[in-house]
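Visitor: next one to model:
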Amino acid sequence: MSTRNPQSSMLFNRRNQKSSGSAPWPDPTVTRRGLVVAGGTALTASAAGCGWFSTDSDSGGGGGEKGSEAPMLAERVEAGDLPPVEERLPKEPQVVTVAESMGVYGGTWNSTVTGAADGPWLWRTINDGHLLERSRDWTEIRPNIASNFEANEDATEFTITLREGVKWSDGEPLTTADVEFAYNDVALNTELTEAVPSELTAADGTPIELEIVDDYTFIVRFSSPKPLFEEDMAVGVSGQRFTMYPRHYLEQFHIDYNENAEQEALDEGYDSWVARFTALGHLWSQQWENPDLPTLLPWVCKQPISDAESSLFERNPYYWKVDEEGSQLPYMDEVRFDITSDVETMFAHAINGDYEFHSRHFNDNAHRADAVEGEANGEYKVVELESTYSSDMNIGFNLNHRDAGLREIFSDKQFRIAMSHAIDRQELIDVLWNRVGEPSQPAPRPESRFYDEEFATQYTEFDLDLANQILDDAGYELSGSTRTAPNGTPLEFTMAVADDALLGTIWIDALDMIKGWWAEAGVTMHINSQPRENWQNLINEFDYDATVWTGDGGHIDEHTSCYWYMAAGAGGGAFFGRQWSELYTNGSTEEDLVAEPPAPIEEQWDLLNQFKTEADPAVRDELFGQILDIAKEEFYAIGTVRGHGGWCVVADRLKNVGGPMPENPTYGTPGPASPEQWYITEDK
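Guide: Here you go, the predicted model:
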């Protein structure tokens, strides 16, 4: 029996929250030619002889003049409303290497979201503030908000130095006082946080020890090795644990700093001080909802995402990155998100050239041909996104189902094998995937160092006779058109699907086809499509028979998004064993276990715990390979089609996007392409 891991992702207590949002992840990219930061040493090398604050207009950026800051900010400086740009930037700004050419200031990036639940797109596009960051090609981890990041020999202690002079969007300095507040007063506060975030705990769940050295240096100590801490600090929410809570603003809502916080919250209509703090300072959502919340992002909220028609974000006058000529970023003045839940409306705007960049909701196979056909007249290009999914649609039966009869069926590997053989994946490819793709199970892709062809292709042969024979042999008797399990339960269930997810439309069409094939095997499937928020509630409450989702973990994110391979991982855990995932992550469950985890699940947990503390990358790969071997043998979930990726619309007037890029939630498409250095040559 393994030692279960009680660590968990950070979740605000939402019981009394007045408003809430959804959670996601991204990360922008930066290198340094003008400023090189390595091992804590900063070397200044100005480009082409230009000083950091040169106002030389010969930038090659499309004809417009370009000085050290945006004209809209220069006007505020002239009016006395802002300090000069050299006082707003850090002592050693982070330098972004432009993708194609030096940019010019101005313009609006137009995009779209479905509403407040579409937070992932906001995190992917306009987010920043990680201690470290990944390069565009995902091969390098480098400084970002942290100018120095050093680990001791056994990866139990990390000395981190903040970039000196970085300021919040209201001009207040970012210091270790913010780091201390984020950890001691938020992460460790049991009223605000249900459990200490997993990236801030050792493998056994022991929280870190935080030592503040000075205004810019702090030390993080783990009770056991944490070799993946550097990776954690370079992506998503985890990389921002220390840098997303502006202490000077949030103290007024915190009971430890304001004895009147509870009464003030009640007076304002909140249930408690916790509800007000969460509603006004929630790490995952309030950057998009609270214009008063200071931030480190390139653009700051001016019109909340909860507004009915559109949301607006305006350039951060204290943004801490510059281009190679020393000009403050971002180049674009603002980002505007139209708010609509109608995919066809989004698509119509896209092919009309109304969006400078967009790659969400409509970028499926069904719309690709029309988008490509419209390129010539639409003043945009269709840019390919490189898929990292094991399969574009994985199927997870709920092995933790509360109904014992269905749970026994879903837990039967022979049932899952039969259901896999009863899917004509080539027909799906020909009809719905535009004849592009390969049959695949939830397994690492060919591009992955963990690729196993046998794992990826097992049970993918379409053979209804074989499927029926397997079910016959397993004791599922056919009576009329529906089979019955040996326990007396009919093979009839409902597939829950989020119809506004990235591939929601094609999923529903695919399930409609699969429904027919499964009926020929004596299995009745109903399809329950619903808005993503409703679907998410079903999943979080374990209240579903089966569901579908993208095959995360295929490449780039194999171990960070491992929830198709084992009962663990990001985003709440495995769709096939969500309660087991909660048990591993938290050390307990909110409800009584409906079924004890079987030996293979426990064995994978042991291996994952070893993986997390192993300093040698080669040994880590061996351990993860063993986890995959068990997943291959147990066949927890069913895959369908491994597609060749999505696509995005890029307006001709938008520069520096840099071409194709991976499509992956962990990657945070398009974050690593550094949208802060994108620029517009002319308005539409």
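Visitor: so residue 318 sits in a strand?
Guide: No - counting by DSSP: H, G, I helix; E, B strand; the rest coil, residue 318 falls outside a strand, being coil.
Visitor: what residues are bridge-paired with the nearest residue to it once chain neighbours are set aside?
Guide: Spatial nearest neighbour of residue 318, excluding adjacent residues (C-beta to C-beta, 6 or more residues apart in numbering): residue 167 at 4.2 Å. C-betas here are computed from N, CA, C, even on glycine. Beta-bridge partners for residue 167, by DSSP bridges, are residue 173.
Visitor: so residue 167 makes contact with residue 145?
Guide: No - using C-beta atoms under 8 Å, residue 167 makes no contact with residue 145, being 11.6 Å away.
Visitor: next, show the common contact partners of those two.
Guide: Contact criterion C-beta atoms under 8 Å, 6 or more residues apart in numbering; residues shared by residue 167 and residue 145: 174, 320.
Visitor: neighbour count for those two, which is higher?
Guide: residue 145 (24 against 21; other C-beta atoms under 10 Å).
Visitor: returning to what we had before: quick one: the residue nearest to residue 318 from residue 183, how far?
Guide: Residue 167 sits 21 Å away from residue 183, going by C-beta to C-beta, to the nearest Å.
Visitor: pLDDT score for the residue nearest to residue 318?
Guide: pLDDT recorded at residue 167 is 98.
Visitor: and it, what does it touch?
Guide: Residue 167 touches 88, 90, 173-174, 318, 320, counting by C-beta under 8 Å, 6+ apart.
Visitor: how many other residues sit next to residue 299?
Guide: For residue 299, the neighbour count with other C-beta under 10 Å is 26.
Visitor: wasn't residue 161 part of a strand?
Guide: Yes - per three-state DSSP, residue 161 lies within a strand segment.
Visitor: residue numbering should commence at 54 henceforth.
Guide: With the count now opening at 54, the last piece we talked about shows up as residue 214.
Visitor: so what's it closest to, chain neighbours aside?
Guide: Nearest non-adjacent residue to residue 214, counting by C-beta to C-beta, 6+ apart: residue 201, 4.0 Å away.
Visitor: what about that neighbour, which SS state?
Guide: strand.
Visitor: how many residues are close by it?
Guide: Around residue 201 there are 18 other residues, counting by other C-beta under 10 Å.
Visitor: report pLDDT for it.
Guide: At residue 201, pLDDT is 97.
Visitor: gap between it and residue 295?
Guide: Distance from residue 201 to residue 295, counting by C-beta to C-beta: 14 Å.
Visitor: which stretches of the stretch 104-253 of the chain form helices?
Guide: With DSSP state H, counting those that start in this stretch as the criterion, the stretch 104-253 of the chain has helices at 124-131, 138-141, 172-179, 229-233.
Visitor: could those be laid out in a markdown table, adding mean neighbour count, mean pLDDT and distance to residue 280?
Guide: A markdown table is the format used below for the helices of the stretch 104-253 of the chain (neighbours: other C-beta atoms under 10 Å; pLDDT from 0 to 100; distance: least, C-beta to C-beta, whole Å):
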| stretch | mean neighbour count | mean pLDDT | distance to residue 280 |
| --- | --- | --- | --- |
| helix 124-131 | 15 | 97 | 42 |
| helix 138-141 | 17 | 97 | 37 |
| helix 172-179 | 24 | 88 | 26 |
| helix 229-233 | 20 | 98 | 22 |
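Visitor: make CSV out of these and add distance to residue 500.
Guide: Shown next, in CSV, are the helices of the stretch 104-253 of the chain (distance: least, C-beta to C-beta, whole Å):
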stretch, distance to residue 500
helix 124-131, 43
helix 138-141, 42
helix 172-179, 21
helix 229-233, 37
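Visitor: of all these, which one is nearest residue 291?
Guide: Residue 291 lies closest to helix 172-179 among those, at 12.3 Å (C-beta to C-beta).
Visitor: what helices and strands are in contact with that closest one?
Guide: Contacting helix 172-179 under the criterion 3 or more C-beta pairs under 8 Å, 6 or more residues apart in numbering; DSSP states H and E are the following elements: strand 161-166, strand 387-392.
Visitor: just the residues contacting the last one, thanks.
Guide: Surrounding strand 387-392, the residues in contact under the criterion C-beta under 8 Å, 6+ apart are 161-168, 174-175, 178-179, 352, 355, 358, 360-368, 399, 402.
Visitor: state the mean pLDDT of it.
Guide: Averaged across strand 387-392, pLDDT comes to 95.
Visitor: show me what the helix or strand following it is packed up against.
Guide: Remark: after strand 387-392, the chain's next helix or strand is helix 396-404, criterion DSSP states H and E. Counting by 3+ C-beta pairs under 8 Å, 6+ apart, the packing neighbours recorded for helix 396-404 are helix 418-426.
Visitor: same for the helix it packs on, what does it pack against?
Guide: helix 396-404, strand 433-440, helix 557-573, strand 700-704.
Visitor: what residues sit buried inside the second one?
Guide: Pointing back at strand 433-440 there. 433-436, 438-440 (16 or more other C-beta atoms under 10 Å).
Visitor: next helix or strand past the helix or strand harbouring residue 520?
Guide: Per DSSP H and E, residue 520 falls inside helix 517-526. Per DSSP H and E, helix 517-526 leads on to strand 530-532 as the next helix or strand towards the C-terminus.
Visitor: for that next one, packing partners?
Guide: Counting contacts by 3+ C-beta pairs under 8 Å, 6+ apart, strand 530-532 is packed against helix 517-526.
Visitor: measure how far the helix it packs on is from the centre of its chain, please.
Guide: Put simply, helix 517-526 sits 40 Å off its chain's centre (C-alpha atoms, centre = their mean, to the nearest Å).
Visitor: domains in this structure, by residue range?
Guide: Listed domain ranges for the chain are 54-111, 138-178+344-440+698-733, 185-296, 447-695 (source: automatic domain parsing).
Visitor: low-scoring pLDDT stretches of the chain, where are they?
Guide: Counting by pLDDT under 70, the chain contains low-confidence ranges at 54-118, 336-339, 553-555, 557, 623-624, 736-737.
Visitor: redo that, cut-off 50
Guide: Within the chain, the segments meeting pLDDT under 50 span 54-117.
Visitor: so how many other residues sit close to residue 595?
Guide: Counted with other C-beta under 10 Å, residue 595 comes out at 18.
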